[in-house]
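> test case, fold it:
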Amino acid sequence: MRGLCQGYSLNGCFITIERQTAMSQLDAAQQHLAEALRRLENALAHRLAEVGSGAPADFERRIAAVTAERDDLARDVGMLRGECDRLSAALSEIQRDHRNLRDVTGHVARRIDGSIAEIDRLLEG
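Below is the predicted model:
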């Protein structure tokens, strides 16, 4: 962490570390969502391509399979939307906690800086 915080105040160091942690979790969640949606789109495209080919007798069976898969995908999309809402609420809570922590660490950093200045003054004088 020394290299990460070099050149920052104590308060700036805490904010940098916290921001990187929260953003890396958000980035990971967004990446998982994007990958799930990509898999969903690929599966649907593959199924639609299968429906267009083959004998007419298989058409009804394939339509039923695609309809069932569409229903499953719609359920999955609903779950993904719920997860997105949950992550959004969690992010809002993290942002609120971040603001509170930033205020506290700012106060602590000012007190530490003041104490260091006082110690320096006493050592010089």
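> and stretch 88-98, which residues are buried?
residue 94 (16 or more other Cβ atoms under 10 Å). For the C-beta atoms, the positions are set from N, CA and C on the backbone; glycine is no exception.
> could you give the average pLDDT over it?
Here stretch 88-98 scores 91 as its mean pLDDT.
> could you tell me the backbone phi and psi angles at the residue at minimal distance from the centre of the chain?
By Cα atoms, centre = their mean, the chain has its centre lying nearest to residue 26, at 1.3 Å. Residue 26 adopts backbone torsions of phi -70, psi -40, taken as degrees, to the nearest 10.
> look at the closest residue in space to it that isn't next to it in sequence and tell me its secondary structure.
The shortest distance from residue 26 to any non-neighbouring residue, by Cβ to Cβ, 6 or more residues apart in numbering, is to residue 91 (6.2 Å). Following DSSP: H, G, I helix; E, B strand; the rest coil, the label given to residue 91 is helix.
> my guess is residue 91 contacts residue 30. True?
No. The criterion here is Cβ atoms under 8 Å, and residue 91 misses it with residue 30 at 10.5 Å.
> just how off-centre is stretch 80-88 within its chain?
Relative to its chain's centre, stretch 80-88 lies at 10 Å (Cα atoms, centre = their mean, to the nearest Å).
> which parts of it are buried?
Here stretch 80-88 shows residue 87 as buried, counting by 16+ other Cβ under 10 Å.
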